[in-house]
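[1] Provided below for reference: sequence and predicted model.
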Amino acid sequence: MRIVVLHNDTPLEATSNFEQAIRATTGDVVVLSDQDDVWHPDRVAHALRALGDDALLHFSDARLVDARGEQLSVAADLSAISDGGVFATLLRRYIATGATVAFRRSLYRCCAPVSG
């Protein structure tokens, strides 16, 4: 595995930083991560299975925790989703955060640029 470190003399804002990292990738599928993410060992394999042959984007559940690793409450959002409010909940909150997303390069190519 080859690791590339990207350095910016002037710090980028979050969206531009992720876009720079996405442009530097070379694979067909891009799986994002933040510096504080802890991944399940099978996260990438699960995302690839979920994408299958034709899906462009997959997002999964995230377990949000505090600095001690204690789970934060998302009960209100889960309740709204199970009551049929999926679309409204997705519009109101960042449920499909970058840390839970895997997508095909072709999706990025048709949507780029995503920052300023």
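    All right, it came through fine.
[2] pull the helix or strand with minimum mean pLDDT from the chain.
    For the chain, the helix or strand with the lowest mean confidence is helix 75-82, at a mean of 60 (criterion: mean pLDDT, DSSP states H and E).
[3] how distant is the longest helix seen in the chain from the center of its chain?
    Ranked by number of residues, the top helix in the chain under DSSP state H is helix 14-24. Distance of helix 14-24 from the chain centroid (C-alpha atoms, centre = their mean, to the nearest Å) equals 12 Å.
[4] Give me the residues contacting it.
    The contact list for helix 14-24, computed with C-beta atoms under 8 Å, 6 or more residues apart in numbering, reads 4, 6, 8, 11-12, 30, 32, 98, 108, 112-116. (Each C-beta comes from the backbone N, C-alpha and C, glycine too.)
[5] same thing but 10 Å
    Applying C-beta atoms under 10 Å, 6 or more residues apart in numbering, the set of residues contacting helix 14-24 from outside is 4, 6, 8, 11-12, 30, 32-34, 98, 103, 105, 108, 112-116.
[6] Helices - which of these land there?
    Taking DSSP H as the definition of helices, the contacts of helix 14-24 contribute Arg105, Tyr108.
[7] Tell me where this structure has strands.
    In chain order, the chain shows strands spanning 29-31, 57-59, 101-104, with DSSP state E as the criterion.
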